[in-house]
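# With the sequence up front, the predicted model follows.
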Amino acid sequence: MLQTLEKNGENVAAIMRRLGENARVAAHPLAIASSAAKNTALEAMAEAIVQQEREILTANAIDMENGRKAGLAASFLDRLKLTPDRIRAMADGIRAIAALNDPVGDVIAEWDRPNGLHIERVRTPLGVIGVIYESRPNVTADAGALCVKAGNAVILRGGSDSVNSSTAIHACLAEGLAKAGLPEEAIQLVPTTDRAAVGEMLKGLGGSIDVIIPRGGRSLVERVQNEARVPVFAHLEGICHLYVDRSAKLGMAVKIAVNAKMRRTGICGAAETLLVDRLRASTHLVPILDALVEAGCEIRADSETRALYPAAKPATDADWVTEYLDSIISVKLVDGVGDAIDHVERFSSHHTEAIVAEDAAAVERFFNEIDSAILLHNASTQFADGGEFGMGAEIGIATGKMHARGPVGVEQLTSFKYRVRGSGQIRP
């Protein structure tokens with residue numbers, strides 16, 4: 001597609017400007033589309049993904065081979081890889097989004113004024129959303145479906161590593177929109193891997209884009225946050241902490257620690273630092289670290305931990321602020337929940353933190369004093385996911401404090417307006 005456009009003399013700026021114009025035109029009919037029409041589109045998208053599994057896997061095999069030749073890390077290849085199970089999960093995720101309540105038109109709050117005016121705050125679509133992401137082709141399906149459900153048009157710019165997979169998935173989304181009689185331009189995939197396309201999106205495409213959502217590594221998110229001329233929903237890193245309190249049950253702590261770190265090491269909700277109450281060093285520390293090592297994890301620890309677990313490597317200052325996205329975890333002994341909170345507040349990226357504890361007071365202090373987007377008690381940090389929150393899916397995790405925070409699902413992809421009903425009132 002890009003080659004054809006370039007032959008016609010169009011440069012990247014012109015290509016992107018037209019995508020923005022098309023999205024803005026498509027945004028209006030989508031914003032006023034009925035729930036039934038949007039759900040019909042979503043169900044058709046899911047069915048197309050299932051029916052075109054072979055085509056999607058063939059496209060993904062090309063991306064995987066290119067990724068191996070390019071020397072991509074194992075964690076990146078894992079995020080890039082599609083399997084029949086992952087494709088079915090994509091389709092199921094879209095169906096789950098279809099089953100959600102339509103947020104558009106929901107009355108969030110309403111009240112009456114003494115002068116008789118009745119005021120309502122009502123959810124409304126954001127408009128046109130730009131999503132910039134790396135490696136994960138499933139984001140194409142999740143982002144497209146979530147934006148449609150919330151009544152938004154979306155421009156998707158996937159990573160060059162996943163271009164073939166994303167193109168195959170996008171074809172299914174366009175098919176679903178067409179079957180429901182909705183404009184196919186409501187979901188557009190940027191038809192170029194040129195990095196200049198990202199720059200054009202960050203400028204807002206001449207006012208066409210209302211919000212940018214980046215989903216990828218630190219360099220991508222930093223660029224978006226530094227250069228964007230439109231609002232951004234994002235998190236920079238997932239430096240997630242797991243704290244094992246003195247009141248924690250050992251079996252639970254072991255199970256949660258292994259899952260939080262090793263279930264999938266390449267996701268933003270993977271635990272990167274383990275904090276253990278010093279009072280439980282003699283009973284809990286070694287069994288937890290043994291289980292992590294047995295699962296294939298490398299331990300980098302403070303000197304006190306290494307005295308009890310000599311197999312651990314020395315942790316450097318950089319380890320406390322590193323998002324490994326790999327089978328590595330930093331470990332430190334702390335003086336109770338207060339010391340754990342201090343460490344988290346100093347080094348966390350304010351994404352996700354978890355406490356394993358039976359002491360209700362320790363849990364409440366942890367919840368009250370840590371200012372991260374997601375806090376968990378006696379559960380793995382890997383639950384930091386919109387699907388696990390019952391949102392159907394998510395575009396990403398936001399750690400900012402304006403509008404959207406935590407998993408960005410359909411409700412977070414809406415704004416609101418006020419509807420004021422009167423009976424002839426005038427202001428004196």
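Cool, the structure landed. Numbers count the residues shown, from 1 in each chain.

# Just the strands from the stretch 201-350 of the chain, written as ranges.
211-215, 240-244, 271-277, 298-301, 313-314, 328-334 (DSSP state E, counting those that start in this stretch).

# Quick one: distance of the last one to the chain centre.
Using Cα atoms, centre = their mean, to the nearest Å, we find the averaged C-alpha position of strand 328-334 to lie 25 Å away from the chain's own average C-alpha position.

# Tell me the strands beside that strand, with direction?
Note on strand 328-334: by DSSP bridges, its sheet partners are strand 271-277 (parallel), strand 298-301 (parallel).

# what about those strands, which gets the closest to residue 69?
strand 298-301 (26.7 Å; Cβ to Cβ). (Each C-beta comes from the backbone N, C-alpha and C, glycine too.)

# JSON lines for the strands of the stretch 201-350 of the chain, including mean pLDDT, distance to residue 167 and mean neighbour count?
Formatted as JSON lines, those follow (pLDDT from 0 to 100; distance: least, Cβ to Cβ, whole Å; neighbours: other Cβ atoms under 10 Å):
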{"stretch": "strand 211-215", "mean pLDDT": "92", "distance to residue 167": "18", "mean neighbour count": "26"}
{"stretch": "strand 240-244", "mean pLDDT": "98", "distance to residue 167": "32", "mean neighbour count": "28"}
{"stretch": "strand 271-277", "mean pLDDT": "98", "distance to residue 167": "33", "mean neighbour count": "26"}
{"stretch": "strand 298-301", "mean pLDDT": "98", "distance to residue 167": "37", "mean neighbour count": "21"}
{"stretch": "strand 313-314", "mean pLDDT": "98", "distance to residue 167": "42", "mean neighbour count": "12"}
{"stretch": "strand 328-334", "mean pLDDT": "98", "distance to residue 167": "34", "mean neighbour count": "23"}
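
# Include distance to residue 321 when you put those into CSV, please.
Listed next are those as CSV, based on distance: least, Cβ to Cβ, whole Å:
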stretch, distance to residue 321
strand 211-215, 20
strand 240-244, 12
strand 271-277, 9
strand 298-301, 13
strand 313-314, 16
strand 328-334, 9
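
# Which of those strands sits closest to residue 41?
Nearest of those to residue 41, taken as Cβ to Cβ: strand 211-215 at 20.6 Å.

# What helices and strands are in contact with the closest one?
In terms of contacts (3 or more Cβ pairs under 8 Å, 6 or more residues apart in numbering; DSSP states H and E), strand 211-215 is packed against strand 128-133, helix 218-227.

# Strand 211-215 and the first one, what's the angle between them?
What separates the directions of strand 128-133 and strand 211-215 is an angle of 20 degrees, with axes from the mean of the first three to the mean of the last three Cα atoms, to 10 degrees.

# buried stuff in the lengthiest helix in the chain?
Longest helix of the chain, by residue count under DSSP state H: helix 12-31. Residues of helix 12-31 classed as buried: 12, 15-20, 22-24, 26-27, 29-31 (neighbour count, 16 or more other Cβ atoms under 10 Å).

# ditto for stretch 380-389
380-387.

# Just the endpoints, please. Distance across that stretch?
13 Å (Cα to Cα, to the nearest Å).

# go on, stretch 130-150?
Terminal residues of stretch 130-150 are spaced 14 Å apart (Cα to Cα).

# now stretch 323-338
23 Å.

# where exactly do the helices run in the stretch 151-300 of the chain?
163-179, 196-202, 218-227, 250-262, 286-294 (DSSP state H, counting those that start in this stretch).

# helices or strands up against the shortest one?
Going back to what we said before, that points to helix 196-202. Packed next to helix 196-202, using 3+ Cβ pairs under 8 Å, 6+ apart, are helix 12-31, strand 128-133, strand 153-157, helix 218-227.

# Okay then, goodbye and thanks.
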